[in-house]
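[1] This is the structure alone, sequence omitted:
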DNA sequence: CAAATAGTGTCTCTTAGACAGTATTTG
DNA sequence: CAAATACTGTCTAAGAGACACTATTTG
């Protein structure tokens, strides 16, 4: 009879441990051509609070991965189908949640405006979009999560073209540049941008047709 | 009577939840002038296993932060005083540990060779140093943790001089370059390195004395 | 043809890297 | 003076950014 497998290094049985609840909190960012980067907020359960809006989150269920918990929370709280959550940081201050001992694993998910906008329009009382610069005064560590999410997404988009594959293929360099401008929150020079990204895309050989101006080459993600 | 505070968004009481055990696993890296970057391994509890060496880790205790758990595990398993653990990633596959549902938060800690060497020398049966390139075949996700830790440390040292402040002040540019060479695992040109880092240091105005060759300026971290 | 958009040639400025020189110490 | 180490001047090549020019479409 071996119970070794259920003891940790200090000899305590695993089952004896007080264990934390583990939650996920997610900054859903959406690049909007005219408004820049926006973050999705949901109304909290207790509507009478001052900080009534927060990032969507949930507790991790048994047998579930963190990414699955993130996707479930987006589905439940906002009716959104997300994809590819990326971890940012674990917030672990023992007293950070007055409901008890809760660790929160912060995530970021980037979604196309086309996907998010109809969902937000359908549930204006539960769900909101706000420019990331204005999303302050949120409860818990949510201000920090928004900051980290923005930094993560901006640096990954500065490195290579549309790493999250938000654009539908095929797309023009103009489409791609508009997306990157929305992420970066500033205008990008067409010629400089072109030389920056062109080698990381594959040309389809096709061109746009019927639009004003010279037809543009169509590309796909690598 | 309100129990709202103890329910999550789906209405389940927090206390009813099965909760995961949360562990920390740490890659302790040490830059060795002659051997490059090395990682600390400790002998596992069950000595008869093939993969008898692993990264030090422990379970998170109640009221403790992740960083504190990391420092405690280094103290207990290797007799080391670490500092400033940085989070790398949460490993969350439900079946990753056959003892049950265990999340592991991977960390990296960088320590000076002077600190680590005597500790390793004193406990050769429990503790080992291995070049990071050779540290493969480790249990759980430990191979991945070592890779992520090395990438993290190398990129932070490539950006600015000694961000972990391993060097005792004051130091020469030669001392600093030797450290960076150990981290990077390759030789760096003295003149290129000098121009790279000089603006991020503060000069003491003092010089080395009594050594062979032209005396060198002494610097401090900013 | 005017307006609009796509794409390229090229100039400038900055920076990284390499090399070779000068400077200052010990023995 | 030789050897060792610290530091600097300068050349070259590569890259980022800016600007102006050419190219091809719609209306």
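    Perfect, I can see it now. Only a predicted model underlies this, so the values are computations on that prediction, with no experimental measurement involved.
[2] and residue A:40, what helix or strand is that in?
    Counting by DSSP states H and E, the element that carries residue A:40 is strand A:36-43.
[3] List the neighbouring strands of whichever helix or strand comes after that strand plus their orientation.
    Heading C-terminal from strand A:36-43, the first helix or strand you meet, by DSSP H and E, is strand A:53-54. Strand A:53-54 has the following sheet partners, assigned by DSSP bridges: strand A:36-43 (antiparallel).
[4] for the record, mean pLDDT for the partner strand?
    Mean per-residue pLDDT for strand A:36-43: 96.
[5] Can you tell me what sits against it?
    Outside strand A:36-43, the residues that touch it by C-beta atoms under 8 Å, 6 or more residues apart in numbering or on different chains are A:27-32, A:52-56, A:77-78, A:80, A:116, A:120, A:125-133, A:135, A:138, A:146, A:149-150, A:153, A:182-183, A:185. C-betas here are computed from N, CA, C, even on glycine.
[6] Make a PyMOL selection of the buried ones in the residues you listed.
    Here is the PyMOL command that selects the buried residues among the contacts of strand A:36-43 (16 or more other C-beta atoms under 10 Å in any protein chain shown):
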select buried, chain A and resi 27+28+29+30+31+32+53+54+55+56+77+78+80+116+120+127+128+129+130+132+135+138+146+149+150+153+182+183
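[7] Now do the strand ranked longest in chain A against strand A:36-43, angle only.
    Secondary structure of chain A per DSSP state E: the longest strand is strand A:21-32. Between strand A:21-32 and strand A:36-43, the angle comes out at 140 degrees (axes from the mean of the first three to the mean of the last three C-alpha atoms, to 10 degrees).
[8] Work out the gap between strand A:21-32 and the centre of the chain.
    Centroid separation for strand A:21-32 versus its chain: 5 Å, with C-alpha atoms, centre = their mean, to the nearest Å.
[9] close enough to count as contact, residue A:187 and residue A:180?
    No: with contact defined as C-beta atoms under 8 Å, residue A:187 does not count as touching residue A:180 (10.2 Å).
[10] So if I had to pick from these two, which one is more boxed in?
    residue A:180 (20 against 9; other C-beta atoms under 10 Å in any protein chain shown).
[11] From residue A:216, how far out is that one?
    16 Å (C-beta to C-beta, to the nearest Å).
[12] And residue A:146, by the same measure?
    Residue A:146 is 35 Å from residue A:216, by C-beta to C-beta.
[13] hmm, stretch A:113-132 touching chain B?
    No: Stretch A:113-132 does not reach chain B (C-beta under 8 Å from any C-beta of the partner chain); its nearest approach is 11.8 Å.
[14] Averaged pLDDT, that stretch. What do you get?
    94.
[15] Let me see the residues that make contact with it.
    Taking C-beta under 8 Å, 6+ apart as the rule, stretch A:113-132 contacts A:28-33, A:35-43, A:53, A:77-81, A:146, A:150, A:182.
[16] That stretch: end-to-end distance?
    14 Å (C-alpha to C-alpha, to the nearest Å).
[17] What of stretch A:129-144?
    Stretch A:129-144 end-to-end distance (C-alpha to C-alpha) = 17 Å.
[18] Any idea how far that stretch is from the middle of the chain?
    That offset, for stretch A:129-144, works out to 13 Å (C-alpha atoms, centre = their mean).
[19] and if you look at stretch A:152-167?
    12 Å.
[20] at contact distance from DNA strand C, anything in it?
    No: shown here: stretch A:152-167 not in contact with DNA strand C (C-beta under 7 Å from any atom of the strand), separated by at least 13.3 Å.
[21] in that stretch, what counts as buried?
    For stretch A:152-167, by 16+ other C-beta under 10 Å, it's A:152-154, A:156-157, A:161-162, A:164, A:166-167.
[22] Can you list phi and psi of the residue in chain A positioned nearest to DNA strand D for me?
    Nearest residue of chain A to DNA strand D: residue A:214, at 3.3 Å (C-beta to the nearest atom of the strand). Backbone torsions of residue A:214, given as degrees, to the nearest 10, read phi -60, psi 140.
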